[in-house]
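1. A structural model of the following input is requested.
(2 chains)
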Number of protein chains: 2
Amino acid sequence: MHVALLGATGAVGRTMLQVLSERKLKIDRLTLLASPRSAGRSIDWGGRSWECRVAAPGVFRDVDFALFSAGADRSKEWGPVAAEEGAIVVDNSSAWRMDPQVPLVVPEVNAAAAQDRPRGIIANPNCSTIQMVVALEAIRQAAGLARVVASSYQSVSGAGETGRDALRAEVGGGAAEGSPFARPIAGNVIPQIGDFDEEGWTGEERKMINETRKILSLPDLPVAATCVRVPVDVGHSVQVMAETERELSVDEARAALAAFPGVIVADGAAGYPTPRETAGRDEVFVGRIRKDPYLPRTLHLWVVADNLRKGAATNAVQIVEELAGA
Amino acid sequence: MHVALLGATGAVGRTMLQVLSERKLKIDRLTLLASPRSAGRSIDWGGRSWECRVAAPGVFRDVDFALFSAGADRSKEWGPVAAEEGAIVVDNSSAWRMDPQVPLVVPEVNAAAAQDRPRGIIANPNCSTIQMVVALEAIRQAAGLARVVASSYQSVSGAGETGRDALRAEVGGGAAEGSPFARPIAGNVIPQIGDFDEEGWTGEERKMINETRKILSLPDLPVAATCVRVPVDVGHSVQVMAETERELSVDEARAALAAFPGVIVADGAAGYPTPRETAGRDEVFVGRIRKDPYLPRTLHLWVVADNLRKGAATNAVQIVEELAGA
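-> Numbering: from 1, shown residues only, chains lettered A, B, ... in the order given. So this is what the prediction gives:
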């Protein structure tokens, strides 16, 4: 198997290489693609050294799977090229996610959708969306879904290595030159991830809203989300309010979540998940499972995952595994 | 006027002294009360030095207002004593808040309730509740209230000086001995403030739920809250979803909030509030005013305030000002 990686030196790209080395895919050949600034760098993987190159026409010939994580502009540019050259593209950017001809896939939720890819491109969803829809699908299968309201607590690594650098610099007392955040992030929380639209919602919030509806195939589901950056290195947390179609007890919800693939329930006597404890793990952790104090068909959940892994790299690699029959 | 302060050396007590020095109350005499550990310490205030003493029977005679912020146990012990000795008690702990004979007061919302105090005690609400109800009352007056769902981002100073010390120690790379938090707080978020009850809600969440209903005199209002500790020194943020009885546009909501006493709207072109920017201020800051993407009678707000000031000291001093006719 020949795998290409566009954005091999970024926060997600490096995590993809790590995840690929841990899992069962048999990869014979890697093509590592990066910006001109990183071209020529060598990366050790699978007992060999691989040199990073700049993407160019022809580079995706003989590639089975092309994993993209170099931002939406690069994905728009190289997605059709890679597909035309015969690769199946799994794109981690937002470029193709809402294209009706591109499936948006979380394997635990809608693996079959990856089979229908008229453009040869499969989109990997937004990080906070992935972890939320895994938990929501478990609840939906048990009791249906009528409404979702989410508040997120998102780590700086969601903004890439520059986000991590900014937090480290600020915590160290320095100025964060080149910070991707609109305000200081150390000792602060910032209710803005992405740009604002005319209705006052940010890009990240619209992703959580629109992508959740698409992945769950519930185009009319009312979803609202408020996305907030917090001074955490790795790991997103999402407080999810889920209104169900039928009443579900806490025990039933806990059982549905515990039986769902890729979910670890840490609740009640088992405590609750926090991002620092779950960083480095591939699963989605769910705790604080509660029934609304007054509304019987409403559940409240606390959902935590490693945004670089399940929120990006692991989910993309799982899509490849599905298609490779691994 | 003679004012007594129980808990004069704590995070809130010191902020009370600061706020008292900034505002218009004419105070002739201070009685500073603290733990045996702090007794004997002198504190400069109003151009004089005042010595901290340990509370004892008789100490509240001739006291006009006794501000308590030394925890629920001390408030239960000394509240009735101070009232019996003739002081009006304004208690910042949770001890008396849900007592039907104790008014729970946020002056911008229900100042008149402070006049009816059969026990001689007035309760100052929970910090995150105060800032939320100020925003909710503005919305309620404009369009009624049908439901509230909140997610909080609460600073470590809500756990007192030991909380601030713990975060500082962890950020400095040390172990946080005596940390009040169940997990590391630096680089983390912790979805637990207080103890869990049988339904899985924490003490802090029950406070937000029950106190909101009491302050607003809406005993049947469905309220849910998830309270999360974040690595911020001072300043709580609350994401509030408010369902109204009548539809309200974003412009109408913004106007209602801007016209409400004690509220500063920082929204749209004016940006949004963050805790680091609002620490040290007495007002409640509201931004991110949005209509739900799908449900016309639902608003989403981002509400930030200094938890030591409006969330505690300033609100208590405002209650005294109301009663003193200042």
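
2. is the helix or strand containing A:Ile289 up against chain B anywhere?
-> Under the criterion of DSSP states H and E, A:Ile289 resides in strand A:284-291. Yes. Applying CB under 8 Å from any CB of the partner chain, one finds strand A:284-291 touching chain B at A:Gly287, A:Arg288, A:Ile289, A:Arg290, A:Lys291. Backbone N, C-alpha and C define where each C-beta goes, glycine included.

3. Count the residues that sit near the residue of the stretch 51-200 of chain A found nearest chain B.
-> Across the stretch 51-200 of chain A, the shortest distance to chain B (CB to the nearest CB) belongs to A:Ser151, at 3.6 Å. Taking other CB atoms under 10 Å in any protein chain shown as the criterion, the count of residues near A:Ser151 is 28.

4. That one: helix or strand, and which one exactly?
-> Counting by DSSP H and E, A:Ser151 is part of strand A:147-153.

5. quick one, that strand and strand B:147-153 angle?
-> For strand A:147-153 against strand B:147-153, the angle by axes from the mean of the first three to the mean of the last three CA atoms, to 10 degrees is 20 degrees.

6. Run the chain-centre distance for strand A:147-153.
-> How far strand A:147-153 lies from its chain's middle: 16 Å, per CA atoms, centre = their mean, to the nearest Å.

7. so does the next helix or strand along the chain from that strand get close to chain B?
-> Per DSSP H and E, the first helix or strand lying C-terminal to strand A:147-153 is helix A:161-171. Yes. Judged by CB under 8 Å from any CB, helix A:161-171 comes into contact with chain B through A:Val171.

8. buried residues in stretch A:171-180?
-> By neighbour count with 16 or more other CB atoms under 10 Å in any protein chain shown, stretch A:171-180 contains the buried residues A:Val171, A:Ala176, A:Ser179, A:Pro180.

9. Next step: those residues restricted to helices.
-> Cross-referencing the buried residues of stretch A:171-180 against helices under DSSP state H gives A:Val171.

10. tell me what the strand holding A:Ser151 is packed against?
-> If you count contacts as 3 or more CB pairs under 8 Å, 6 or more residues apart in numbering or on different chains; DSSP states H and E, strand A:147-153 packs onto helix A:127-143, helix A:203-215, strand A:223-226, strand A:236-243, strand B:147-153.

11. Any idea which of these gets closest to B:Pro191?
-> strand A:236-243 (7.3 Å; CB to CB).

12. The closest one: partners in the sheet, and parallel or antiparallel?
-> strand A:147-153 (antiparallel), strand A:298-305 (antiparallel) (DSSP bridges).

13. what angle separates it from helix A:203-215?
-> 50 degrees.

14. between strand A:236-243 and strand A:284-291, what angle do the directions make?
-> Angle of strand A:236-243 versus strand A:284-291, following the same axes, to 10 degrees, is 40 degrees.

15. which stretch among the strands paired with strand A:236-243 comes nearest A:Gly13?
-> strand A:298-305 (18.7 Å).

16. what inclination does whichever helix or strand comes after the closest one have with respect to helix A:127-143?
-> The first helix or strand that comes after strand A:298-305 along the chain, using DSSP H and E, is helix A:314-324. Counting by the same axes, to 10 degrees, helix A:314-324 points 60 degrees away from the direction of helix A:127-143.

17. Please report how far A:Ala316 lies from chain B.
-> Distance, A:Ala316 to chain B, by CB to the nearest CB, to the nearest Å: 26 Å.

18. Find the residue closest to the residue of the stretch 51-200 of chain A closest to chain B in space, skipping its chain neighbours.
-> Closest residue to A:Ser151 apart from its sequence neighbours, by CB to CB, 6 or more residues apart in numbering or on different chains: B:Ser151 at 3.6 Å.

19. Return the residues in contact with that neighbour.
-> Contact analysis of B:Ser151 by CB atoms under 8 Å, 6 or more residues apart in numbering or on different chains lists A:Ser151, A:Thr226, A:Gln239, B:Ala225, B:Thr226, B:Val228, B:Val238, B:Gln239.

20. do that again at 6 Å, thanks
-> The contact partners of B:Ser151, by CB atoms under 6 Å, 6 or more residues apart in numbering or on different chains, come to A:Ser151, A:Gln239, B:Thr226, B:Gln239.

21. Return the distance of the last one relative to A:Ala258.
-> The gap separating B:Gln239 from A:Ala258 is 28 Å, by CB to CB, to the nearest Å.

22. contacting residues around the strand holding A:Ile289?
-> Contacts to strand A:284-291, defined as CB under 6 Å, 6+ apart, come from residues A:131, A:134-135, A:250, A:253-254, A:257, A:262-267, A:272-273, A:278, A:300-305, A:310, B:191, B:200.

23. again with stretch A:3-23
-> Under CB under 6 Å, 6+ apart, the answer for stretch A:3-23 is A:27, A:30-34, A:38, A:45, A:52, A:63, A:65-70, A:92, A:157, A:160-161, A:308, A:312-314, A:317.

24. ok, back up a step: what residues sit buried inside the strand holding A:Ser151?
-> Within strand A:147-153, the residues that count as buried by 16+ other CB under 10 Å are A:Arg147, A:Val148, A:Val149, A:Ala150, A:Ser151, A:Ser152, A:Tyr153.

25. The first one: what's it in contact with?
-> Right, the one you point to is A:Arg147. Residues near A:Arg147 by CB under 6 Å, 6+ apart: A:Pro222, A:Glu243.

26. And the pLDDT at it?
-> A:Arg147 carries a pLDDT value of 98.

27. Which of the contacts of B:Ser151 has the largest number of neighbours?
-> Taking other CB under 10 Å as the neighbour criterion, A:Ser151 ranks highest of the contacts of B:Ser151 with 28 neighbours.

28. partner residues bridging it?
-> A:Thr226, A:Gln239.

29. pLDDT score assigned to A:Ala326?
-> Note on A:Ala326: pLDDT of 64.

30. same question, A:Ala175
-> pLDDT recorded at A:Ala175 is 76.

31. Could you do A:Leu299 as well?
-> Looking at A:Leu299, its pLDDT is 98.

32. any idea how far it lies from chain B?
-> Per CB to the nearest CB, A:Leu299 is found 10 Å from chain B.

33. Show me which residues of stretch A:267-276 are buried.
-> Using 16+ other CB under 10 Å as the test for burial, stretch A:267-276 gives A:Asp267, A:Tyr272, A:Pro273, A:Thr274, A:Pro275, A:Arg276.

34. Give me the distance between that stretch and the centre of its chain.
-> Offset of stretch A:267-276 from its chain centre (CA atoms, centre = their mean): 21 Å.

35. Quick one: mean pLDDT over it.
-> Stretch A:267-276 comes out at a mean pLDDT of 91.

36. Mind listing residues that contact it?
-> The contact list for stretch A:267-276 (CB under 6 Å, 6+ apart) reads A:232, A:235, A:237, A:266, A:285, A:287-289, A:304, B:183-184, B:188, B:190-191.

37. Make a markdown table from those residues and add distance to A:Glu85 and neighbour count to it.
-> Converted to a markdown table, the contacts of stretch A:267-276 look like this (distance: CB to CB, whole Å; neighbours: other CB atoms under 10 Å in any protein chain shown):
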| residue | distance to A:Glu85 | neighbour count |
| --- | --- | --- |
| A:Val232 | 39 | 27 |
| A:Gly235 | 36 | 32 |
| A:Ser237 | 40 | 32 |
| A:Ala266 | 44 | 19 |
| A:Phe285 | 39 | 26 |
| A:Gly287 | 45 | 25 |
| A:Arg288 | 47 | 26 |
| A:Ile289 | 47 | 24 |
| A:Val304 | 39 | 31 |
| B:Arg183 | 48 | 17 |
| B:Pro184 | 48 | 18 |
| B:Asn188 | 44 | 25 |
| B:Ile190 | 48 | 22 |
| B:Pro191 | 47 | 23 |
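
38. picking that back up, save the contacts of B:Ser151 as CSV, and put in distance to B:Lys214 and pLDDT too.
-> Formatted as CSV, the contacts of B:Ser151 follow (distance: CB to CB, whole Å; pLDDT from 0 to 100):
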residue, distance to B:Lys214, pLDDT
A:Ser151, 24, 98
A:Gln239, 24, 98
B:Thr226, 20, 98
B:Gln239, 22, 98
